[in-house]
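Q: turn this into a model:
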Amino acid sequence: MTNSLAGHTNTYHTYSHDEALEGIAAAGFTNVELSAVPGWTEHVDLDADKGELRRKLDGYGLSPVSLSAHSDLTTSDGLEHGIKGVRWAGEYGIPIVNTAVGGHQSADENEAAFLGNINALADEAEKAGVVIGLEIHGDIMASGAVTLPLLEKIGRDNVKINYDTANVVYYSGDSAVEDIPKVVDEIVHVHLKDTTGGKGNWDFGAIGSGVVDFAEVLRIREASGYKGPYSVELEFSGEPWPPLAEVNAAMKRSYEHLRGLGLQ
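A: Predicted structure coming up:
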C-alpha cells in the first residue's frame, strides 16, 4: 500500500497542539491531519504565521496531509470559515480540507442552505487547488449511501467524501464494510475510527478495540485503487477526555494495529 497513515490532532481535543503533535509522533506516525474547528478543536490558527507551524511540524517529523476545518456550512459564518480554510490549505500546500454539512454539532441541518453555500466553497477550493472532503456525519450524510444524492446535487468534481468508519455506525447503524462499496469512487479521505457499535453510541476508542473490520475496510479501499490518506481519529467517550497518557497509549496501540494490517 502507498497510502499515507496520519494521526488526527482532534484525538487530542482537550489538549494543546504541541501535546497532540508530540503524542502522534511518539506513537510512530509521520503524517498528521491538522484541526482548525471553531468551538471544538482549535489547534491551528488560520491567521497565524505559517512558517512557525512548518518549523513546529518539521521538529516533530510530521507532514500534514489534510486540514480539518469543520464549520456550519448552512450559515454565512460557516462558509466564511470554510473559505478561509481552503485558502489557507492551498497556500500551505495541503491538498484536502475536511468539513461537514452542519459543522461539528450537526444541529438542525438545512440542506437547502448548505447547497446554497457549497458551490461558493467549491469555487474557492478550485482556485486554491484543494479538494473538499465532506465527512460522513449528521443526518444528511449519515452514510455513504444517503450521501450519493447530495453529491449529485452538488455536482462538483472537487467535492468528495471524507469517509468515517465509525460515524457511519453512530449516525445510521450501518457498517463501513457494507456501506463503503456503495461510494467507493467518491472517497478522497478516510477517518479510521473504531466503535463498540450501535447507532447513537459515542464510544470511539483505540483502533482494534471495537467492531469495525479494518482489515476488510482496507481490502475494499485497496481493491478500488484508493491512494488517499488514512487518518486515525479517536474520540473516546466524549468529554471529559481521558488523561493524556491514556490518549497517547491509545494512539500507539492504534498505530501498531494498523501497521500489522499493512498500513504505514
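Q: tell me the bridge partners for the residue nearest the centre of the chain.
A: Centroid check for the chain by C-alpha atoms, centre = their mean gives His191 as the closest residue, at 5.0 Å. His191 has these beta-bridge partners by DSSP bridges: Asp164, Ser231.
Q: let me know the pLDDT of it.
A: Turning to His191, the model gives it a pLDDT of 98.
Q: what are the ranges of the helices in this structure?
A: Secondary structure of the chain (DSSP state H): helices at 17-27, 50-60, 76-92, 111-128, 144-154, 167-172, 176-179, 214-223, 244-260.
Q: can you give me the offset of the shortest one from its chain's centre?
A: Relative to the chain's own centre, helix 176-179 is displaced by 17 Å; criterion: C-alpha atoms, centre = their mean, to the nearest Å.
Q: mind listing what's buried along that helix?
A: Ala176, Val177, Asp179 (16 or more other C-beta atoms under 10 Å). Where you see a C-beta, it was placed from the backbone N, CA and C, and this is true even at glycine.
Q: just the CA coordinates of stretch 118-132, formatted as PDB?
A: This file holds the C-alpha atoms of stretch 118-132, laid out as PDB (Å, rounded to 0.1, in the frame of the first residue of the first chain):
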ATOM      1  CA  ILE A 118     -21.200  24.700  -1.000                       C
ATOM      2  CA  ASN A 119     -20.700  25.900  -4.600                       C
ATOM      3  CA  ALA A 120     -19.100  29.100  -3.300                       C
ATOM      4  CA  LEU A 121     -16.800  27.000  -1.200                       C
ATOM      5  CA  ALA A 122     -16.000  24.600  -4.100                       C
ATOM      6  CA  ASP A 123     -15.200  27.700  -6.300                       C
ATOM      7  CA  GLU A 124     -12.600  28.900  -3.700                       C
ATOM      8  CA  ALA A 125     -11.200  25.300  -3.300                       C
ATOM      9  CA  GLU A 126     -10.800  25.000  -7.100                       C
ATOM     10  CA  LYS A 127      -8.800  28.300  -7.100                       C
ATOM     11  CA  ALA A 128      -6.700  27.000  -4.200                       C
ATOM     12  CA  GLY A 129      -6.100  23.600  -5.800                       C
ATOM     13  CA  VAL A 130      -7.800  21.900  -2.900                       C
ATOM     14  CA  VAL A 131     -10.300  19.100  -2.700                       C
ATOM     15  CA  ILE A 132     -13.100  19.200  -0.200                       C
END
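Q: so what touches that stretch?
A: Contact partners of stretch 118-132, identified using C-beta atoms under 8 Å, 6 or more residues apart in numbering, comprise 73, 79, 82-83, 86-87, 89-91, 94-99, 154, 156, 158-160, 188.
Q: how about stretch 167-181?
A: Residues contacting stretch 167-181 (C-beta under 8 Å, 6+ apart): 135-139, 141-146, 163, 165-166, 187, 191, 193, 195, 197-202, 211-213, 216-217, 220-221.
Q: what is the end-to-end distance of that stretch?
A: Terminal residues of stretch 167-181 are spaced 16 Å apart (C-alpha to C-alpha, to the nearest Å).
Q: okay, buried residues for that stretch please.
A: Neighbour-count burial for stretch 167-181 [16+ other C-beta under 10 Å]: Asn167, Val168, Val169, Tyr170, Tyr171, Ser172, Asp174, Ser175, Ala176, Val177, Asp179, Ile180.
Q: so what's the gap between it and the chain middle?
A: Centroid separation for stretch 167-181 versus its chain: 15 Å, with C-alpha atoms, centre = their mean.
Q: pLDDT value on Gln264, please?
A: So Gln264 comes in at 76 (pLDDT).
Q: where's it relative to Leu258, distance?
A: 8 Å (C-beta to C-beta, to the nearest Å).
Q: find residues that contact each of those two.
A: Leu5.
Q: these two: who's more crowded?
A: Leu258 (22 against 14; other C-beta atoms under 10 Å).
Q: show me the contacts for that one.
A: Leu5, Leu192, Ile207, Phe214, Tyr230, Val232.
Q: my read is that Leu57 contacts Leu21, right?
A: Yes. In this structure Leu57 lies within contact range of Leu21 using C-beta atoms under 8 Å: 7.1 Å.
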